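*Asks:* any chance you can model this:
(chains A, B and C)
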Amino acid sequence: MSVLERLKAAGVTLPEARPPVANYVPFVITGNLLFISGQVSTGPGGLIKGRLGEGMTLEDGQAAARVCAVNLIAQMKAALGDLERVQRIVKLGGFVSAGADFADIPKVINGCSDLMVEVFGDKGRHARSAVACPILPMGAAVEVDAVVQIT
Amino acid sequence: MSVLERLKAAGVTLPEARPPVANYVPFVITGNLLFISGQVSTGPGGLIKGRLGEGMTLEDGQAAARVCAVNLIAQMKAALGDLERVQRIVKLGGFVSAGADFADIPKVINGCSDLMVEVFGDKGRHARSAVACPILPMGAAVEVDAVVQIT
Amino acid sequence: MSVLERLKAAGVTLPEARPPVANYVPFVITGNLLFISGQVSTGPGGLIKGRLGEGMTLEDGQAAARVCAVNLIAQMKAALGDLERVQRIVKLGGFVSAGADFADIPKVINGCSDLMVEVFGDKGRHARSAVACPILPMGAAVEVDAVVQIT
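*Replies:* Reported below is the predicted structural model:
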């Protein structure tokens, strides 16, 4: 199956790549590495805001992280034209807006990681870090950046 | 205009590259990538401390982020000798010391991003992430690290 | 002295590389760069939990960071087979679980940096960033990820 077919099978409609919210670019290619700016949890209904452990459930957080994955893939499409040029998702940096008692950070970021593996298969299996922040840009629930190996 | 001329036009006097505050080095070159350690907001008057949203204004934060940019450029000068060897600012990682209600994180980090674009032009246009932290080294207001493509 | 001899001299017994706690892989190699997932402070006695400045001392934090270094080295061994293939520790990303008044973040991460230099000598001298987080995965005290140049 192609990446586009797997996206469809996952029920994902790729949005337009989101413009940066400030003075930076959404991605830079250097050699065969694509660096993608941190994508926040902005979905079709707007920005998913909130803080895990303070009124936002794990499931809410995972849905927000999945939206970050969709936005990262939309940037890959914008950068590469053809998603088949993705050779490997190398590294994801996951940031979760969380209260000081919310320790289930890895499970939240799985919302992003799971879609990467679903869509890119073994090429989607990535290294990652996942940490909590007191707040994220515009109050977003989740932000994820990425390093991708490309052809 | 050369990078040095644009630095002058921006009113920036490049300080000596700051020594690390702990057991690490300020930069490492691998292949044609220069990785620069997180630079905190230490200016001519000393460390700019504080927490956004708790007595520190957005403008204060942007000034602190600009100081991080100056320190990053000073490290590029120390690493490369000639700033014309900078081919592209690939990625900035911005960390803002902020209270849990301060959501304007991207605007703060623009203080760093704006100077990069002012000084390096299109080569200064970078991918980035920007998040908040409850506190930063020595109480710094802002910390930014960088990946730079060089010749 | 070989890396293994220096590990012994440092009193380190390398554990099995720890499996990921979620849907990611512990490392990815791209070109001559090895990206290692964030390693938390899980030692022989289990996960070292806590928050610096809230009942956890600087010395406790440094010990936790040293455990992260051991886990990073165990991942290098798993990735490379032979630790002599490490050409340079390029970049460490250090995250410390800390209360809002704990500013000694660099000293904590030195617990990781010191072991890298002890074990890899000049090849262990790295760029790094170090920041605080309100909480880390599973309540860990410290998390560190790494980029390593390899042959």
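*Asks:* okay, CA-based contacts and neighbour counts for the rest of this
*Replies:* OK.
*Asks:* may I see the buried residues of the host helix or strand of A:Gly61?
*Replies:* Following DSSP states H and E, the helix or strand that holds A:Gly61 is helix A:58-80. The neighbour-count criterion (16 or more other C-alpha atoms under 10 Å in any protein chain shown) identifies A:58, A:60-80 as the buried residues of helix A:58-80.
*Asks:* and A:Ile89, what element?
*Replies:* Assignment of secondary structure by DSSP H and E places A:Ile89 within strand A:86-97.
*Asks:* tell me the first helix or strand C-terminal of that strand.
*Replies:* Later in the chain than strand A:86-97, the nearest helix or strand by DSSP H and E is helix A:105-120.
*Asks:* show me what that next one is packed up against.
*Replies:* helix A:3-9, helix A:58-80, strand A:86-97, strand A:127-133 (3 or more C-alpha pairs under 8 Å, 6 or more residues apart in numbering or on different chains; DSSP states H and E).
*Asks:* thinking again about what came up before, what helices and strands are in contact with the helix holding A:Gly61?
*Replies:* strand A:33-40, strand A:42-43, helix A:105-120, strand A:142-150.
*Asks:* turn those into a markdown table, including mean neighbour count.
*Replies:* As requested, the helices and strands packed on helix A:58-80 are arranged in a markdown table below (neighbours: other C-alpha atoms under 10 Å in any protein chain shown):
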| stretch | mean neighbour count |
| --- | --- |
| strand A:33-40 | 26 |
| strand A:42-43 | 18 |
| helix A:105-120 | 24 |
| strand A:142-150 | 26 |
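*Asks:* A:Gly31: how many residues sit nearby?
*Replies:* Using other C-alpha atoms under 10 Å in any protein chain shown, A:Gly31 is surrounded by 12 other residues.
*Asks:* for A:Leu136, same thing?
*Replies:* With other C-alpha under 10 Å as criterion, A:Leu136 counts 32.
*Asks:* OK, contacts around it?
*Replies:* A:Leu136 is in contact with A:Val96, A:Ser97, A:Val142, A:Glu143, B:Ala103, B:Ile105, B:Ala130, B:Val131, B:Ala132, counting by C-alpha atoms under 8 Å, 6 or more residues apart in numbering or on different chains.
*Asks:* what's the answer for A:Val119, then?
*Replies:* So, once contact is read as C-alpha under 8 Å, 6+ apart, A:Val119 ends up touching A:Val3, A:Arg6, A:Leu7, A:Ala10.
*Asks:* which of those residues count as buried?
*Replies:* The neighbour-count test (16+ other C-alpha under 10 Å) marks A:Val3, A:Arg6, A:Leu7 as buried among these.
*Asks:* tell me how far the first one lies from A:Pro26.
*Replies:* Translated: A:Val3. Taken as C-alpha to C-alpha, to the nearest Å, the spacing of A:Val3 relative to A:Pro26 amounts to 21 Å.
*Asks:* before we move on, back to that, make JSON lines from the buried ones among the contacts of A:Val119 and add pLDDT and distance to chain B to it.
*Replies:* As requested, these are exported to JSON lines (pLDDT from 0 to 100; distance: C-alpha to the nearest C-alpha, whole Å):
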{"residue": "A:Val3", "pLDDT": "97", "distance to chain B": "24"}
{"residue": "A:Arg6", "pLDDT": "97", "distance to chain B": "27"}
{"residue": "A:Leu7", "pLDDT": "97", "distance to chain B": "25"}
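*Asks:* ok, those residues vs B:Ser37, which is closest?
*Replies:* Taking C-alpha to C-alpha as the measure, B:Ser37 sits nearest to A:Val3 out of those, at 36.1 Å.
*Asks:* these two touch, right, A:Pro15 and A:Ala74?
*Replies:* Yes. With contacts counted by C-alpha atoms under 8 Å, A:Pro15 reaches A:Ala74, the gap being 6.4 Å.
*Asks:* give the contact list for the residue nearest to A:Val119 when sequence neighbours are not counted.
*Replies:* Nearest non-adjacent residue to A:Val119, counting by C-alpha to C-alpha, 6 or more residues apart in numbering or on different chains: A:Arg6, 5.2 Å away. Applying C-alpha under 8 Å, 6+ apart, one finds that A:Arg6 lies in contact with A:Glu118, A:Val119, A:Phe120.
*Asks:* give me every residue that touches the first one.
*Replies:* Contacts for A:Glu118 were tallied using C-alpha under 8 Å, 6+ apart; they are A:Arg6, A:Ala10, A:Gly124.
*Asks:* got phi/psi on the last one?
*Replies:* Spelled out, that is A:Gly124. Here the main-chain torsion angles of A:Gly124 (degrees, to the nearest 10) amount to phi -90, psi 0.
*Asks:* and chain A, which of its residues are near chain B?
*Replies:* Residues of chain A lying near chain B by C-alpha under 8 Å from any C-alpha of the partner chain: A:21-30, A:35-38, A:95, A:133-139, A:145.
*Asks:* type out the PyMOL command that picks the buried ones from the residues you listed.
*Replies:* Selecting the buried subset of these in PyMOL, with 16+ other C-alpha under 10 Å as the burial test, is done by:
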select buried, chain A and resi 22+23+24+25+26+27+28+29+30+35+36+37+38+95+133+134+135+136+137+138+139+145
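*Asks:* surely A:Gly139 touches A:Gly50?
*Replies:* Yes. The criterion here is C-alpha under 8 Å, and A:Gly139 meets it with A:Gly50 at 6.4 Å.
*Asks:* hang on, the earlier thing: could the contacts of A:Leu136 be laid out in TSV, adding pLDDT?
*Replies:* As requested, the contacts of A:Leu136 are exported to TSV (pLDDT from 0 to 100):
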residue	pLDDT
A:Val96	98
A:Ser97	98
A:Val142	98
A:Glu143	98
B:Ala103	98
B:Ile105	98
B:Ala130	98
B:Val131	98
B:Ala132	98
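*Asks:* which one is A:Gly61 nearest to, not counting chain neighbours?
*Replies:* In space, A:Gly61 comes closest to A:Val108 once its chain neighbours are excluded; the distance is 5.4 Å by C-alpha to C-alpha, 6+ apart.
*Asks:* contact residues of chain A facing chain C?
*Replies:* A:90-91, A:98-107, A:110, A:113-114, A:125-134, A:149.
*Asks:* can we see that at 7 Å?
*Replies:* A:90, A:100, A:103-107, A:110, A:113-114, A:125-129, A:131-134, A:149 (C-alpha under 7 Å from any C-alpha of the partner chain).
*Asks:* tell me how far A:Glu5 lies from chain C.
*Replies:* According to C-alpha to the nearest C-alpha, to the nearest Å, A:Glu5 and chain C sit 22 Å apart.
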